[in-house]
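[1] coordinates only, no sequence provided:
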């Protein structure tokens, strides 16, 4: 009995070693590229949403401002209040440079350095000025009207 008599189809190899490989149709390549592009786009969108949720949520709030230096000329309460008033954002997004600049504009403060202390604290180190002057311009009546302190 032969194969033809039983009704089995004849099995032929798809390609022989001396033939070049068969190319996939163009539609298959386009479909693969579309799926790859869509998956990359979805992954980027999910990552952006996760980062946005972390940065703008209430998870990383600043709960404490700690003054690390012993102050002799400047009131510690003034430093703390000024720091709290200038905090914009949370632990991850607070502009420490802006807070330092606001503290350095206070009378008696020469330099301010702020650092983050995990998980919810800002540590403030202040260098006080050695000398300070009080500037009081005279009004029309010859009396001082506004007092302004100047760091020397």
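    Structure's in. What do you need? Keep in mind it's a predicted model, so treat the numbers as computed, not measured.
[2] from now on I want contacts and neighbour counts done on CA atoms only, so please keep to that.
    Noted.
[3] doesn't residue 8 belong to a helix?
    No. Applying DSSP: H, G, I helix; E, B strand; the rest coil, one finds residue 8 to be coil, outside a helix.
[4] model confidence over the helix or strand residue 122 falls within, on average?
    Using DSSP states H and E, the element containing residue 122 is strand 121-128. Mean pLDDT, strand 121-128: 90.
[5] list the buried residues in that strand.
    121, 122, 124, 125, 126, 127, 128 (16 or more other C-alpha atoms under 10 Å).
[6] quick one, what contacts the second one?
    Residues touching residue 122, when contacts are defined by C-alpha atoms under 8 Å, 6 or more residues apart in numbering, comprise 62, 64, 65, 66, 114, 115, 116.
[7] what's the spacing between the residue nearest to residue 66 when sequence neighbours are not counted and residue 63?
    Nearest residue to residue 66 in three dimensions, chain neighbours excluded: residue 123, at 4.8 Å (C-alpha to C-alpha, 6 or more residues apart in numbering). As judged by C-alpha to C-alpha, to the nearest Å, residue 123 and residue 63 stand 11 Å apart.
[8] distance of the residue lying closest to residue 63 once chain neighbours are set aside from residue 66?
    What sits nearest to residue 63 in space, not counting adjacent residues and going by C-alpha to C-alpha, 6+ apart, is residue 120, at 5.4 Å. Counting by C-alpha to C-alpha, the gap from residue 120 to residue 66 is 11 Å.
[9] burial measure for the residue nearest to residue 94 when sequence neighbours are not counted, as a count.
    Sequence neighbours aside, residue 88 is the residue nearest to residue 94 in space, at 5.5 Å (criterion: C-alpha to C-alpha, 6+ apart). As a burial measure, residue 88 scores 13 neighbours (other C-alpha atoms under 10 Å).
[10] give me the distance from the helix or strand harbouring residue 82 to the chain's centre.
    In the assignment (DSSP H and E), residue 82 maps to helix 76-85. In this view, helix 76-85 has its centroid 24 Å away from the chain centroid, taken as C-alpha atoms, centre = their mean, to the nearest Å.
[11] after the helix or strand of the chain with the lowest mean pLDDT comes which helix or strand?
    Lowest on mean pLDDT, DSSP states H and E among the helices and strands of the chain sits helix 3-6, with a mean of 58. Counting by DSSP H and E, the next helix or strand C-terminal to helix 3-6 is helix 26-56.
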